[in-house]
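Chemist: Whatever this is, show me its structure:
(4 chains)
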2 protein chains.
Amino acid sequence: MLLHKVTLAIVDDHPVVIEGLQNILKNHDRIEIVGSFINGKDFISFIENSKVDVVLLDISLPDINGIALCREIKKSSPKTSILALSNHDERSMIMKMIENGASGYLLKNTSVDELIRCIEEAVNGNITFSSAVKEIISNPGLGDFREAVRLTKREKEILSLVALGKTTQTIADELFLSKLTVETHRKHLLQKFKVKNVAELIKIASQDNLL
Amino acid sequence: MLLHKVTLAIVDDHPVVIEGLQNILKNHDRIEIVGSFINGKDFISFIENSKVDVVLLDISLPDINGIALCREIKKSSPKTSILALSNHDERSMIMKMIENGASGYLLKNTSVDELIRCIEEAVNGNITFSSAVKEIISNPGLGDFREAVRLTKREKEILSLVALGKTTQTIADELFLSKLTVETHRKHLLQKFKVKNVAELIKIASQDNLL
DNA sequence: TTTTTTATACCCATTTACAGGTATTTATGA
DNA sequence: TCATAAATACCTGTAAATGGGTATAAAAAA
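Modeler: As a prediction, the model looks like this:
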């Protein structure tokens, strides 16, 4: 048994959510809330000088991307357990957070009981998920095993020009390339995405936020 | 001055948000929270038998679309003021909610003070917005005046088949149409979206959630 | 009832895209 | 240093898409 209280911080840009979390946790005698932050930068400064055992981290913050913040926190304070709080229910996002040091992942519609259970697990050093998240992990959707397509810089560049409706010739002129070179890049894009024309290409790229 | 308390309900599928809102509002002596709901259906049943002056409504619920729910509520209980709570910061969404009977629109990152101010305004029958929302309304982005493209049923059907990478001929075969007919529909799609090829078409359709 | 929209279909000329190759130079990693 | 990946470029033939028209019947709206 630990004698000291567990120090916990909240990082979420929604004041109402902070209010809710504080209210839920304030009656737990083993937990002490040591700070609430509405952006990542402030929390990073804070953690450099303070001990935080657990942080409840909203992964969609205005100033910094959740994955990057997760890694930053682990670099500054490796012993801090990070519990990701998020609306994103894509398997890939869950996996990325875990890969980058999170100890758990909760969807925002998690019940209060489950939330507390997960925090307690995180305090004990375990990795935890809310039940909806477990469901997602164990029942991967169809698209979930299609690994992320790795595009070169040039390919990304051409992909976005294609998405703007530019033709091969126009792109070639703009980039001072041969039309044939641009055709090759397009061909590689179609191959990498395993699609057979631009319509499908742009749809998938758009769904994967590559535009 | 009213003698009775203002009755207020909360509809949000995030338990933590409900907790936060309850906690923020419980000390207001003029406000009485008469119910909290995590889906639209339950609230619709509730409001048929109860008087609710103000409802804080999350517009992204699992069971029903926010706009439809807004209209439902106004139909069942026209005197209830609806304050929309949302993460969606698109001008078009804000306008749609107001058109469908909402008395205000708050982004979820609204501060507690502002939230209370808006609830009080709504109680008094005014239409209110959080400052971030006012900003959005008064500074329309570039795309905001491009009015929503109105597609016919057939056009939508063909658009989604095109997005699946099917060729004109394939689509014609599947729908038992002449290839020339499908070509005409495609042409109309390009014209309506004011674009010159499928790449641009699919990108815009995808951004507008038409796929 | 008249007008407009929707869905259908056709024609022609031209441009663009796609499939399936090969090949060279330059970076980048192991 | 050796192998691999990236970026470049070329060739040929075919398939598909686009632009700019016209036209008609049916359905929906005014």
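Chemist: Please count neighbours and contacts with C-alpha atoms only from this point.
Modeler: OK.
Chemist: Next, the buried residues of the worst-scoring helix or strand of chain A on mean pLDDT.
Modeler: Of all helical and strand segments in chain A, the minimum by mean pLDDT, DSSP states H and E falls on helix A:91-99, at a mean of 85. For helix A:91-99, a neighbour-count test (16 or more other C-alpha atoms under 10 Å in any protein chain shown) marks A:Arg91, A:Ser92, A:Met93, A:Ile94, A:Met97, A:Ile98 as buried.
Chemist: from those residues, which is closest to DNA strand D?
Modeler: A:Ser92 (21.3 Å; C-alpha to the nearest atom of the strand).
Chemist: Please report how far that closest one lies from B:Gly66.
Modeler: 27 Å (C-alpha to C-alpha, to the nearest Å).
Chemist: go on, A:Ile38?
Modeler: A:Ile38 is 26 Å from B:Gly66, by C-alpha to C-alpha.
Chemist: So between the two, which is more surrounded?
Modeler: Counted by other C-alpha atoms under 10 Å in any protein chain shown, A:Ile38 and B:Gly66 do not tie: B:Gly66 has more neighbours, with 23 against 19.
Chemist: Please tell me I have it right and that one contacts B:Leu56.
Modeler: No - taking contacts as C-alpha atoms under 8 Å, B:Gly66 lies outside contact range of B:Leu56: 11.7 Å.
Chemist: Just the CA coordinates for the helix or strand that the least confident helix or strand of chain A is followed by, please, in CSV.
Modeler: Going down the chain from helix A:91-99, the next helix or strand is strand A:104-107, by DSSP states H and E. What follows is strand A:104-107 as a C-alpha-only set of coordinates in CSV (Å, rounded to 0.1, in the frame of the first residue of the first chain):
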residue,chain,number,x,y,z
GLY,A,104,-4.8,3.3,-21.4
TYR,A,105,-7.5,4.7,-23.7
LEU,A,106,-11.0,5.7,-22.8
LEU,A,107,-13.7,7.0,-25.1
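Chemist: helices and strands around strand A:104-107, which ones?
Modeler: Judged by 3 or more C-alpha pairs under 8 Å, 6 or more residues apart in numbering or on different chains; DSSP states H and E, strand A:104-107 is in contact with strand A:81-86, helix A:91-99, helix A:112-123, strand A:128-129, helix A:131-138.
Chemist: Turn the ones you listed into a markdown table, including distance to B:Ile116.
Modeler: Putting these into a markdown table (distance: least, C-alpha to C-alpha, whole Å) gives the following:
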| stretch | distance to B:Ile116 |
| --- | --- |
| strand A:81-86 | 25 |
| helix A:91-99 | 34 |
| helix A:112-123 | 24 |
| strand A:128-129 | 34 |
| helix A:131-138 | 32 |
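Chemist: so can I have TSV of these showing distance to DNA strand D?
Modeler: Converted to TSV, the helices and strands packed on strand A:104-107 look like this (distance: least, C-alpha to the nearest atom of the strand, whole Å):
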stretch	distance to DNA strand D
strand A:81-86	31
helix A:91-99	21
helix A:112-123	38
strand A:128-129	35
helix A:131-138	29
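Chemist: and those, which is most packed in?
Modeler: strand A:81-86 (a mean of 26; mean count of other C-alpha atoms under 10 Å in any protein chain shown).
Chemist: now that strand and helix A:91-99, what's the angle there?
Modeler: Relative orientation of strand A:81-86 versus helix A:91-99 (axes from the mean of the first three to the mean of the last three C-alpha atoms, to 10 degrees): 160 degrees.
Chemist: Mind listing the strands strand A:81-86 pairs with, and their directions?
Modeler: strand A:54-58 (parallel), strand A:104-107 (parallel) (DSSP bridges).
Chemist: Kindly calculate the angle that that strand makes with helix A:112-123.
Modeler: 150 degrees.
Chemist: With just CA atoms, put strand A:81-86 into PDB.
Modeler: What follows is strand A:81-86, C-alpha atoms only, in PDB (Å, rounded to 0.1, in the frame of the first residue of the first chain):
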ATOM      1  CA  SER A  81       0.900   7.000 -16.500                       C
ATOM      2  CA  ILE A  82      -1.000   8.500 -19.400                       C
ATOM      3  CA  LEU A  83      -4.700   7.700 -19.800                       C
ATOM      4  CA  ALA A  84      -5.900   8.900 -23.100                       C
ATOM      5  CA  LEU A  85      -9.400  10.400 -23.200                       C
ATOM      6  CA  SER A  86     -10.800  10.800 -26.700                       C
END
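Chemist: about what we covered before: so what does the least confident helix or strand of chain A touch, helix or strand wise?
Modeler: Against helix A:91-99 (3+ C-alpha pairs under 8 Å, 6+ apart) you get helix A:66-76, strand A:104-107.
Chemist: So which bits of the first one are buried?
Modeler: What that stands for is helix A:66-76. A:Gly66, A:Ile67, A:Leu69, A:Cys70, A:Arg71, A:Glu72, A:Ile73, A:Lys74.
Chemist: Provide a list of residues in contact with A:Ile82.
Modeler: A:Val54, A:Val55, A:Leu56, A:Leu57, A:Cys70, A:Gly101, A:Ala102, A:Ser103, A:Gly104, A:Ala122 (C-alpha atoms under 8 Å, 6 or more residues apart in numbering or on different chains).
Chemist: Tally up the residues packed near the first one, please.
Modeler: This means A:Val54. A:Val54, neighbours per other C-alpha under 10 Å, totals 24.
Chemist: you'd agree it is up against A:Ile31?
Modeler: No - the criterion here is C-alpha under 8 Å, and A:Val54 misses it with A:Ile31 at 9.6 Å.
Chemist: Spatially nearest residue to the most far-flung residue of chain A relative to its centre, not counting backbone neighbours?
Modeler: Using C-alpha atoms, centre = their mean, the residue of chain A lying farthest from its centre is A:Ser178. It sits 38.7 Å away. With C-alpha to C-alpha, 6 or more residues apart in numbering or on different chains as the criterion, A:Ser178 has its nearest non-adjacent residue at 5.6 Å, and that residue is A:Ala172.
Chemist: Check the burial of the one you found by counting its neighbours.
Modeler: Count around A:Ala172 with other C-alpha under 10 Å applied: 18.
Chemist: who touches the nearest residue to A:Val198 once chain neighbours are set aside in this structure?
Modeler: Take A:Val198 and drop its neighbours on the chain: the residue closest to it by C-alpha to C-alpha, 6+ apart is B:Ala199, 5.8 Å away. Contacts for B:Ala199 (C-alpha under 8 Å, 6+ apart) come out as A:Val162, A:Ala163, A:Leu164, A:Gly165, A:Val198, A:Ala199, A:Ile202.
Chemist: returning to that earlier point: now do the contacts for the residue nearest to A:Ser178.
Modeler: A:Ser178, A:Lys179, A:Thr181, A:Val182.
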